[in-house]
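In: Requesting a structural model of the entry that follows:
(4 chains)
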There are 4 protein chains.
Amino acid sequence: MKFNCSFSTKLRVRYGETDQMGYCYYGNYAQYFEVGRVETLRNCGMSYKTLEDQGIMLPVSEYSAKYIAPAFYDDELTIKTTITEISGARIYFYYEIVNSNNKLISTAQTILVFVNKTDMRPIQAPDSFIQLLDKYKTQ
Amino acid sequence: MKFNCSFSTKLRVRYGETDQMGYCYYGNYAQYFEVGRVETLRNCGMSYKTLEDQGIMLPVSEYSAKYIAPAFYDDELTIKTTITEISGARIYFYYEIVNSNNKLISTAQTILVFVNKTDMRPIQAPDSFIQLLDKYKTQ
Amino acid sequence: MKFNCSFSTKLRVRYGETDQMGYCYYGNYAQYFEVGRVETLRNCGMSYKTLEDQGIMLPVSEYSAKYIAPAFYDDELTIKTTITEISGARIYFYYEIVNSNNKLISTAQTILVFVNKTDMRPIQAPDSFIQLLDKYKTQ
Amino acid sequence: MKFNCSFSTKLRVRYGETDQMGYCYYGNYAQYFEVGRVETLRNCGMSYKTLEDQGIMLPVSEYSAKYIAPAFYDDELTIKTTITEISGARIYFYYEIVNSNNKLISTAQTILVFVNKTDMRPIQAPDSFIQLLDKYKTQ
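Out: Numbering: from 1, shown residues only, chains lettered A, B, ... in the order given. Model prediction:
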C-alpha cells in the first residue's frame, strides 16, 4: 500500500552534535530522522512508545542519506517526514531537512520492520496501525 | 570496604566525538569512563554483560568530572580506572585520563548502584564479585 | 557576583538516547544540560553562537550530576537552569530536571570558563554579558 | 580510478551505544564506519588528522547502510573497509561489519568529498594521496 502521510517537526542542532569541521556530524542525522518519524507517527495517533508496550518493535533495516549542504550549530531545522509505503512487515519513510532559510540540506530514506518483541521475528504491520493511515492512502 | 584495583585501557578520540571548538565534547567522556570501568571489571574476571545476564544491573547514581586540558581528535587516550570502595549496594570508581604525552587531561568519579533487574531495587554487591576483588582490599 | 537567573526548557528523550537498561543513558544528560544553558543564555538576550562569533568560547571545566530517578524513552523533561555565579573567567550553572509527573530526576552543576578563541586562554566574563544579567544579581 | 584497498579494524559495542531494544542503535554505526575509514587511511600511510592540518577536509556526501542482523552490547565487531574508487573530488568507501561469530551484520557505502578548508569547495583528490593508493589500483 502506498501512502502520502507527511508531518514536519523542528529541532535545533546541539553543540555536542557538531564536529571540528564546524558541521553537524553526519552520524547525528539518524537521530533527527528518528525524531521526525516518531513525531509523524504521534501525529497519526500512534505513539511508538505504546507500540513497544504492546509488544511490537520497529528496528531499522535500511537507511540512506544525502548531505546536500551542511547544518550548523544552533540552526533550527525542519524535518519533513513522509510515510510512503507499507508492504508486509516493512514500512518506508522518506525525509527532507530544510534549514531556517528554507534551504534543502538533506534527504533520506529508511525501511523499518515490524517485529514481535518476544522473538524479534517480522510480523505484518498491525491492522490498527494501517487503519490510522487509511485516509492517507494513495493506492 | 576499600580497594585499590586499577586497570588502564586505551582508546582514540573519534571525529564524531569532537565539537566545533575542536575539543572532544565534554559529554562524551562519560562513555570513555564507561569503557574504562567495563574493561577494569573484565580484567578482574567479571564481565558486566554476564552480570546483566545474571539479573543484576549497575546504573550510575553520581558522576563528576574535571576537564583539566582538552582532548583532540585522534588523540590516543589512556583511561586509568580504579575501584576504590564498595559499600552496601554502592560501588565507587575513580578515573584519570592522560593523553599520549602523558599529560593529565581529566579526572572523574562515579558511584554506581547494584540493582535487581526485575524490580530495579538496590541490592548488596554480590559476594562472588567481592571475592574477585579480595586481593585488592586495602582495609 | 551571585545571580539567580533561571529558565526552563523542555525536551523529549530520544530513542537513541536510551540504553539496554531501558533508561536514558547517563552520558546523554550532558547534552540536556547544554541545551538548558544555551536556552537560558538566549532568554537573557545572549546567543552562545554570537558569543563564539565574537571570538569567545565557553568550554566546560567541571561537571557533576546526580541521577535520582531514571528518565525513559519519550519522557518529556523540563530542565530548569540557573546561572548562580560569575567569578573572574568562570560561570556557574545549576540544573534540575523534572519529568512530566514533576518528579525530580536529576540535579547537576557545571563550571564553564570564558576563553579567548585565538589562544584558548581564560578571560574575564565580558561586561556586556554581565550587564544582561544585572537585574538577576543577588549580591 | 578503481581501487581495492581494504583494511580491517576491531571495536566493541559500548553500553551507551545500545538502545532499549537491546541492539546497538542504528545511528551509531556511522561512527563505526568513520573509525573503519580513518584506520584504513592510516594503514595506507595517510593520517586524516594530517590531511586536515594540510587544509583539506573530507565531509560525507552520501551514506547508506543495511542492518542485516543486530549488534549487541560488548560484541567485538570487525569493520572491513575498502576504498573502491576515486573520481575527481569524490572518494568511495565500502564497509562490511562482522561479529565475533563471523556473521555479517551490516554493509554500507559512503561517498566523501575532498574540500578546501578555507572555502569548503570541492578539490581534486591530492596526487600524494592517490600515489599512496597506487599499488591497490585495479583499473
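
In: all contacts plus neighbour counts: C-alpha atoms, from now on.
Out: OK.

In: okay, whichever residue of chain A sits closest to chain D: pLDDT?
Out: Across chain A, no residue is closer to chain D than residue A:64, which sits at 3.9 Å (C-alpha to the nearest C-alpha). We have a pLDDT of 98 for residue A:64.

In: Not counting its neighbours along the chain, what's nearest it?
Out: Nearest residue to residue A:64, sequence neighbours excluded (C-alpha to C-alpha, 6 or more residues apart in numbering or on different chains): residue D:64, at 3.9 Å.

In: mind checking how far the one you found is from chain B?
Out: Using C-alpha to the nearest C-alpha, to the nearest Å, one gets 17 Å for the distance from residue D:64 to chain B.

In: does the residue of chain A closest to chain D really touch residue A:108, like I thought?
Out: Yes. Residue A:64 is in contact with residue A:108 according to C-alpha atoms under 8 Å; the separation is 5.5 Å.

In: re the thing from before, need the CA coordinates for the helix or strand hosting the residue nearest to residue A:64. PDB is fine.
Out: If you go by DSSP states H and E, residue D:64 is part of strand D:60-67. Only the C-alpha atoms of strand D:60-67 are listed here, as PDB (Å, rounded to 0.1, in the frame of the first residue of the first chain):
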ATOM      1  CA  VAL D  60      30.400  12.900   3.900                       C
ATOM      2  CA  SER D  61      28.200  13.500   0.900                       C
ATOM      3  CA  GLU D  62      26.200  10.200   0.800                       C
ATOM      4  CA  TYR D  63      25.800   7.300   3.200                       C
ATOM      5  CA  SER D  64      23.700   4.200   3.000                       C
ATOM      6  CA  ALA D  65      23.700   1.200   5.400                       C
ATOM      7  CA  LYS D  66      21.900  -2.100   5.600                       C
ATOM      8  CA  TYR D  67      21.300  -3.600   9.000                       C
END
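
In: which other residues reach that strand?
Out: A:26, A:60-68, D:26, D:105-113 (C-alpha atoms under 8 Å, 6 or more residues apart in numbering or on different chains).

In: quick one: strands adjacent to that strand?
Out: Sheet partners assigned to strand D:60-67 using DSSP bridges are listed as strand A:60-67 (antiparallel), strand D:104-113 (antiparallel).

In: Is any residue of the next helix or strand after it near chain B?
Out: Toward the C-terminus, strand D:60-67 is succeeded by strand D:76-87 as the next helix or strand (DSSP H and E). No. Judged by C-alpha under 8 Å from any C-alpha of the partner chain, strand D:76-87 stays clear of chain B, getting no closer than 12.6 Å.

In: Contacts only, for residue A:86.
Out: So residue A:86 contacts A:1, A:2, A:3, A:92, A:125 (C-alpha under 8 Å, 6+ apart).

In: Which helix or strand contains the third one?
Out: Yep, that's residue A:3 we're talking about. Using DSSP H and E, residue A:3 falls within strand A:2-12.

In: gap between that strand and the chain center?
Out: Here strand A:2-12 is found 8 Å from its chain centre; the criterion is C-alpha atoms, centre = their mean, to the nearest Å.

In: do stretch A:66-79 as well
Out: On C-alpha atoms, centre = their mean, the centre of stretch A:66-79 falls 16 Å from the chain's centre.

In: Can you check the distance spanned by that stretch, start to finish?
Out: 14 Å (C-alpha to C-alpha, to the nearest Å).

In: Buried residues, that stretch. List them.
Out: A:66, A:67, A:70, A:71, A:72, A:73, A:74, A:75, A:76, A:77, A:78, A:79 (16 or more other C-alpha atoms under 10 Å in any protein chain shown).

In: Ok, stretch A:45-58 next?
Out: A:46, A:47, A:48, A:49, A:56, A:57, A:58.

In: quick one: contacts for the fourth one?
Out: Looking back up the chat, that one is residue A:49. Each residue near residue A:49 by C-alpha under 8 Å, 6+ apart is listed here: C:73, C:74.

In: secondary structure class for residue A:45?
Out: Recorded secondary structure, residue A:45: coil (DSSP: H, G, I helix; E, B strand; the rest coil).

In: ok, now which ones touch the residue nearest the centre of chain A?
Out: With distances taken as C-alpha atoms, centre = their mean, the residue of chain A nearest its centroid is residue A:37 (3.0 Å). With contact taken as C-alpha under 8 Å, 6+ apart, residue A:37 is in contact with A:81, A:93.

In: tell me the secondary structure for it?
Out: Residue A:37 - assigned by three-state DSSP - is helix.

In: What parts of chain A come near chain D?
Out: A:21, A:26-31, A:57, A:60-68.

In: for chain A, which spans come out with low pLDDT?
Out: For chain A, applying pLDDT under 70 flags no range at all.

In: okay, which residue of it is out on the far edge from center?
Out: Distance to the chain centre peaks in chain A at residue A:20, reaching 26.7 Å (criterion: C-alpha atoms, centre = their mean).

In: That one reaches residue B:14, doesn't it?
Out: No. Counting by C-alpha under 8 Å, residue B:14 is not a contact partner of residue A:20; they are 10.7 Å apart.

In: if we can go back for a sec, packing partners of the strand holding residue A:3?
Out: helix A:29-43, strand A:76-87 (3 or more C-alpha pairs under 8 Å, 6 or more residues apart in numbering or on different chains; DSSP states H and E).

In: Now residue A:80. Nearest residue, chain neighbours left out?
Out: What sits nearest to residue A:80 in space, not counting adjacent residues and going by C-alpha to C-alpha, 6+ apart, is residue A:8, at 4.3 Å.

In: show me what contacts that neighbour?
Out: A:36, A:40, A:78, A:79, A:80, A:81.

In: before we move on, what about residue A:108?
Out: Contacts for residue A:108 (C-alpha under 8 Å, 6+ apart) come out as A:63, A:64, A:65, A:66, A:94, A:95, A:96.

In: these two touch, right, residue A:76 and residue A:11?
Out: Yes. In terms of C-alpha under 8 Å, residue A:76 counts as a neighbour of residue A:11; the distance is 5.7 Å.

In: which bits of chain A sit near chain C?
Out: So chain A meets chain C at A:14, A:15, A:16, A:31, A:34, A:35, A:49, A:73, A:74 (C-alpha under 8 Å from any C-alpha).

In: and the gap between the first one and residue B:65?
Out: The gap separating residue A:14 from residue B:65 is 21 Å, by C-alpha to C-alpha.

In: For those two, indicate the residue with more neighbours.
Out: residue B:65 (24 against 19; other C-alpha atoms under 10 Å in any protein chain shown).

In: got TSV for the strands paired with strand D:60-67, with distance to residue D:87 too?
Out: Output for these, formatted as TSV (distance: least, C-alpha to C-alpha, whole Å):
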stretch	distance to residue D:87
strand A:60-67	18
strand D:104-113	10
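
In: Neighbours of residue A:129, how many?
Out: For residue A:129, the count of nearby residues is 14 (other C-alpha under 10 Å).

In: With residue A:121 instead?
Out: 13.

In: Quick one: buried ones out of the contacts of residue A:86?
Out: A:3, A:92, A:125.

In: if we can go back for a sec, okay, now the residue nearest to residue A:64: neighbour count?
Out: 19.

In: before we move on, back to that, quick one: the residue nearest to the centre of chain A from residue C:132, how far?
Out: Residue A:37 is 39 Å from residue C:132, where distance means C-alpha to C-alpha.

In: same thing with residue A:106?
Out: Counting by C-alpha to C-alpha, the gap from residue A:106 to residue C:132 is 37 Å.

In: Next: residue A:100.
Out: 27 Å.

In: One more: residue A:43?
Out: On the measure of C-alpha to C-alpha, residue A:43 and residue C:132 end up 39 Å apart.

In: what do you get for residue A:119?
Out: Applying C-alpha to C-alpha to residue A:119 and residue C:132 gives a distance of 57 Å.

In: Those two: which is more packed in?
Out: residue C:132 (13 against 7).

In: contacting residues around that one?
Out: C:44, C:45, C:46.

In: OK, contacts around the residue lying closest to residue A:90 once chain neighbours are set aside?
Out: Using C-alpha to C-alpha, 6+ apart and skipping the chain neighbours, the partner closest in space to residue A:90 is residue A:113 (4.6 Å). The neighbours of residue A:113, taking C-alpha under 8 Å, 6+ apart as the test, are A:57, A:58, A:59, A:60, A:61, A:89, A:90, A:91, A:122.
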